[in-house]
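In: Output the structure for:
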Amino acid sequence: MRIQTAKLCLLPAAFVCAFSVAQAQSSIISQVVDGGPWLTTVGITNISSSQTIASLAFFQDTGGGNTSSWNLALQEGPAQAIVVQPGSTVFLHTLGTAASTTVGYGQLTEVGSSGSLVAYAIFTLRGAQLLNGTAPASPAVSRILVPFDNTNGAATSMAVVNPTSSSVTINVGVRVGSTSSQPTAITLPANGHQSFDFPTQFGAAVANQSGLAEFYSPSGTFSILALRFQSSAFTTAPTYNVTGPPLIASASSGSGGGGGAGNIIFGGFTVSNSSTTFAGLPPSNSSGIGGQFASYTPAEWQLPFSAQTFGPCSVLDVTNPVGGKPPYSPDSLLDAGTISVSGPNVPPGAVLMKVPGSGGPSYFYSPPVGTSLANGGTYTINNGSGGSQIGAFSISAKLPDSFLVTNWDAITSINRGNGLTINWTGGGFDTIGISAIGSNTANGNVHTVAISCVISPAASSGSFSIPLDALAKLPVVQAGSATDTGLLSVTAGSSSGGTISAVSSTSTALTPPLVGGGQVNYGFFAPSLSVLKNVSIQ
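Out: Reported below is the predicted structural model:
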């Protein structure tokens, strides 16, 4: 789960928020090669108990670290809307039939969940001897360690990707034995990609040497993949995504970790049961607890709350490059240590899985296969004595007893001129959140319009119609389009203190101390029951 998603939905209880699909969590395959003697296979594994939808986007090198969209053909067909069943793996193969080799990178995006998919690439070199090497996909982060070995004829090579919409400078540090040096920093343009071998890029500091290289950006994120070549063979070289200040690379241009003076620290966790429906697929139920602590600049934090409003609804219109950093997303995520969870249907000793993310970890817990969290149940999360950046906390939340959108099955599309009404019944909640999202991808950019309506207080049985002026802002979304996304979600939850509306969020139910001084500015642990489906928009 991504907390800026819950904030953007303007209903903290929205664990499965529609916008989390429009701007879902992604991981980077930092090198993809196809043609000539090369082909690439991508393996995608769903480690959760719920069906997940995945999409792949590819970018090819155009020179100088720049890339452009790459319509890379796969043997299995289109790289969008790939269904990955629970506990299964899907393999996708490039054709490898082009006469010349094209080099670039890939971006895997989850649709409808977060932290459920892991992936890796298999590189095949065809010749007198068939050779294979593998490397995992990984999220973009701000600091990565890469062991290297260039001795006895070996050479470590790597590919680095900047998946964001702004250029990034990556400081480099090299340690061989007790000697450290700082080679020239790497500067990548927006959506940039560069691949090289260590001796060519870093010269005498690494030639015929083995040691550790550190890559660190004080103000951006990137992803790295490494391979070790020797004679006619090659194999994976490890990379380690880490947090905290750099050990070898220079930090002179900024500081890592907590996110800068004047930043707003936000902590958001949700406990949720949800149902998701996609066209042509049976409904999928998911259940879990997740969240993160995030550091925003004032501009990033304020953007969703400065959106145009129509009664209890707001309309946010954003455009960013495919794979780029949305303007409302945080700069870094903070470490809260090990977070335990207790409550109905949760085994003793359960903890939230720490998932590496953009600049730091997020957290997620899914109950054992065949079980779900209990409607009406109370759940508690705590992190004992705290983590390296977030101090100790303990907080509880109670799931609503029941929730049903009574006209849900009848809604298959949104007609912007005819309006949209949501009817519901249930119990144990006091807030309803409705999100309608339209997103189009063209010319390397994603244009998304998000309507977020917050009805609070909300009766256990009620109805709400999204204002026509708000609906008119949505873009047209064609059914079955590979480049368009239309989503509708409705969430029932309980307020968690502070002000929750379409223009502000000042919940202070979860504001633990920061290890470096001060405390989290805003935070919540919010319960919700929700439904989500894809729709066309006319």
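In: Provide the backbone phi and psi angles at the closest residue to Gly153 other than its chain neighbours.
Out: In space, Gly153 comes closest to Gln230 once its chain neighbours are excluded; the distance is 5.9 Å by CB to CB, 6 or more residues apart in numbering. For the C-beta atoms, the positions are set from N, CA and C on the backbone; glycine is no exception. Dihedral pair for Gln230: phi -150, psi 130, per degrees, to the nearest 10.
In: surely Gln230 meets Ala154?
Out: Yes - counting by CB atoms under 8 Å, Gln230 does reach Ala154; the two are 4.2 Å apart.
In: any shared contact partners between those two?
Out: Overlap of the contact sets of Gln230 and Ala154 (by CB atoms under 8 Å, 6 or more residues apart in numbering) is empty.
In: element containing the spatially most distant residue from the centre of the chain?
Out: What lies farthest from the middle of the chain is Ala128; by CA atoms, centre = their mean that is 41.0 Å. For Ala128, there is no helix or strand it lies in under DSSP states H and E.
In: And it, how far from Asn150?
Out: Using CB to CB, to the nearest Å, Ala128 is found at 25 Å from Asn150.
In: Need the pLDDT of the residue nearest to Gly153.
Out: Note on Gln230: pLDDT of 86.
In: cool, and the one 4 residues further on?
Out: Looking at Phe234, its pLDDT is 86.
In: shouldn't it be in contact with Asp197?
Out: No - in this structure Phe234 lies outside contact range of Asp197 using CB under 8 Å: 11.1 Å.
In: Quick check: phi and psi on the closest residue to Ile537 other than its chain neighbours?
Out: Distance criterion CB to CB, 6+ apart; nearest residue to Ile537, sequence neighbours excluded, is Val477 at 4.0 Å. Main-chain torsions, Val477, degrees, to the nearest 10: phi -130, psi 120.
In: since we're on Asn521, how many residues are nearby?
Out: Counted with other CB atoms under 10 Å, the neighbours of Asn521 add up to 17.
In: what sits against it?
Out: Asn521 neighbours (CB under 8 Å, 6+ apart): 264-266, 511.
In: give me every residue that touches Ser223.
Out: 27-28, 30, 138-141, 144, 160-161, 163.
In: Let me know the helix or strand that Thr109 is in.
Out: Assigned by DSSP H and E, Thr109 falls within strand 102-111.
In: What helices and strands are in contact with that strand?
Out: strand 26-34, strand 38-46, strand 52-63, strand 66-70, strand 117-125, strand 193-197 (3 or more CB pairs under 8 Å, 6 or more residues apart in numbering; DSSP states H and E).
In: winner for burial among these?
Out: The highest mean neighbour count among the helices and strands packed on strand 102-111, using mean count of other CB atoms under 10 Å, belongs to strand 26-34: a mean of 25.
In: Okay, now the unreliable bits of this protein?
Out: 1-25, 111-115, 250-262, 279-280, 357-358, 495-506 (pLDDT under 70).
In: Would you mind naming the residues that pair with the residue nearest to Gly153 in a beta bridge?
Out: Beta-bridge pairing for Gln230 (DSSP bridges): Ala154, Ala233.
In: ranges for the strands of the stretch 351-500 of the chain?
Out: Assignment of strands within the stretch 351-500 of the chain using DSSP state E, counting those that start in this stretch yields the ranges 353-357, 360-365, 378-382, 394-398, 402-405, 413-414, 420-427, 431-442, 445-455, 462-466, 484-493.
In: which residues sit against stretch 195-212?
Out: Against stretch 195-212 from outside (CB under 8 Å, 6+ apart): 31, 103, 145-151, 155-160, 172, 174-177, 181, 183, 213, 229, 248.
In: of those, buried ones?
Out: Those of those that meet the buried threshold are 31, 103, 145-146, 148-150, 155-160, 172, 174, 176, 183, 213, 229, 248, by 16 or more other CB atoms under 10 Å.
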